[in-house]
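Asks: next come a sequence and a model predicted from it.
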Amino acid sequence: MNKNKIKEILDSVSNGSLSADDALLRLKANAYEDLGYAKIDHQRGIRQGASEVIYGEGKTAEQIAEIAKAMLDSGESSLLITRLSSDSADFVASKIELHYFDEAQIGIAGENIKKSTLGNIVVATGGTSDIPVAEEAALTAEFYGNRVTRLYDVGVSGIHRLLDNSSLLLEAKVVVAVAGMEGALPSVIGGLVDCPVIAVPTSVGYGASFNGIAALLSMLNSCASGVTVVNIDNGFGAGYTASMINKI
């Protein structure tokens, strides 16, 4: 149940067409929906300002489609599906309206992303190999109504590429810095800007990078103030947090 549905119920109570007791029953009945293998939290948007997101990895294509359909039927105009494989996306698209972004493995069910002019979130990557995680962050932020500027392949091994784009960084309200290898990019950006920097370590790198652990530890030990860190390859978490900051 979204905010519009709640308002309809409250308006019905206000104009006398619905009793307070009946309204309470409707609100309780729509707290969550039990599909057996999943309990859909229909009131998360009311509590947190954003509806439940479907994490696709580990779910069957049939489960994803059924969860998404139930959420759309409950009144959601659009919803986000992360870690959605292309095979699962093909199946889901045969059941409901779906916009799929292969590189980020993100699906948007229902209405597609609408361009926004709200604030400016810069999503920067150390290298081209970090782009899939960066796109997960960028698309997540755009889904929640933010303006996103992409600044890709500006890692510290060629720092002039980053410095040539310093004006973009200085105009940002939030920067999401995505990097693997030694994970130095967020520290450098953190020393240039006056806004929060959300560091995203990726699993990109050779053996001693330990699938992103080296970058994670580097970012956690950043000497730059204002740098916070999300989990390895967690573009969604970075994009969601950047959206919350941008809307303050």
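Replies: Structure's in. What do you need?
Asks: V178 should be in a helix, yeah?
Replies: No: secondary structure of V178 (DSSP: H, G, I helix; E, B strand; the rest coil): strand, not part of a helix.
Asks: that one: what's it in contact with?
Replies: By Cβ atoms under 8 Å, 6 or more residues apart in numbering, the contact list for V178 reads 123-126, 130, 133-134, 137, 185, 200, 202, 235, 238. From N, CA and C alone the C-beta is placed, and that goes for glycine too.
Asks: any of the residues you listed buried? List them.
Replies: 123-126, 130, 133-134, 137, 185, 200, 202, 235, 238 (16 or more other Cβ atoms under 10 Å).
Asks: filter the residues you listed down to just the ones in strands.
Replies: 123-125, 200 (DSSP state E).
Asks: list the contacts for the residue nearest to T128 when sequence neighbours are not counted?
Replies: Nearest residue to T128 in three dimensions, chain neighbours excluded: D153, at 5.1 Å (Cβ to Cβ, 6 or more residues apart in numbering). For D153, the contacting residues are 125-128, 161, by Cβ under 8 Å, 6+ apart.
Asks: kindly recompute the last result at 10 Å.
Replies: 124-131, 161-162 (Cβ atoms under 10 Å, 6 or more residues apart in numbering).
Asks: state the pair within the residues you listed that is farthest apart.
Replies: Using Cβ to Cβ, the two most remote members of the contacts of D153 are S129 and L162, lying 16.6 Å apart.
Asks: more neighbours, these two?
Replies: L162 (21 against 16; other Cβ atoms under 10 Å).
Asks: the more buried one belongs to a helix?
Replies: Yes: judged by three-state DSSP, L162 forms part of a helix.
Asks: just how off-centre is stretch 12-24 within its chain?
Replies: The chain centre lies 36 Å from the centre of stretch 12-24; the measure is Cα atoms, centre = their mean, to the nearest Å.
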